[in-house]
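Colleague: following is a predicted model, sequence given first.
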Amino acid sequence: MSVLVRSQLKKARIDSAEASRFARFIMERLGCGRGAELSVLFAGSGAVRRLNREYRGVDRATDVLAFPLSRRQGAAPRAGALGDVVISVDRARRCARQLRTTANAEILLYLTHGILHLCGFDDRTARGRRRMARRQEALINQALKRRSWNVIS
């Protein structure tokens, strides 16, 4: 499994190796094969807004964007590129303050959410949102039982 992590941010220290380990942990639990590939970008809200406008036609910032390289629904691919996940660190920090949690916890949530989208989960319907939320919570709980994950400092 290959995970490429990049950051466009100068004011946030992202631990790329830790983000990659966390992503691989989630991908393994979702049944992605050894040959699965993922790209993760940590960006500011302006960059995320531009991407959201350009690729989704929605002119607003958001927390996470997922760009699957395959439109195939269902199980995670055994090999090949899943796609790209773009995470707004600005949004993670803002939400963390509002929810009285940490930016790190928000980033783990966003990364998991993005990977779920790349693996065919959809939250456009109430049923889909419930299914995705249950799976997301279960995956994060499994990850946190195993160890602490510190992606941002």
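Modeller: Now that the structure is in, tell me what you want to look at.

Colleague: neighbouring strands of the least confident helix or strand in the chain by mean pLDDT in the sheet, and parallel or not?
Modeller: Every helix and strand of the chain was ranked by mean pLDDT, DSSP states H and E. The lowest is strand 79-88, at a mean of 91. Using DSSP bridges, the strands paired with strand 79-88 are strand 35-43 (parallel), strand 64-68 (antiparallel).

Colleague: okay, residue 153: pLDDT?
Modeller: Model confidence at residue 153, expressed as pLDDT, equals 81.

Colleague: revised request: answer the last question for residue 70.
Modeller: At residue 70, pLDDT is 69.

Colleague: make CSV out of the strands paired with strand 79-88 and add distance to residue 28.
Modeller: Quick note: C-beta positions are derived from backbone N, CA and C, even for glycine. Listed next are these as CSV, based on distance: least, Cβ to Cβ, whole Å:
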stretch, distance to residue 28
strand 35-43, 9
strand 64-68, 18
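
Colleague: residue 102: which of those is closest?
Modeller: strand 35-43 (15.3 Å; Cβ to Cβ).

Colleague: can you name the helix or strand that the most centrally placed residue in the chain falls in?
Modeller: Nearest to the geometric centre of the chain sits residue 111, at 2.0 Å (Cα atoms, centre = their mean). Element membership for residue 111 (DSSP states H and E) is helix 103-118.

Colleague: so what does that helix touch, helix or strand wise?
Modeller: If contacts are counted by 3 or more Cβ pairs under 8 Å, 6 or more residues apart in numbering; DSSP states H and E, helix 103-118 sits against helix 16-29, strand 35-43, strand 64-68, strand 79-88, helix 89-99, helix 126-146.

Colleague: contacts only, for the residue nearest to the centre of the chain.
Modeller: If a contact means Cβ atoms under 8 Å, 6 or more residues apart in numbering, then residue 111 has 19, 22-23, 26, 40, 64, 85, 87, 151 as its contacts.
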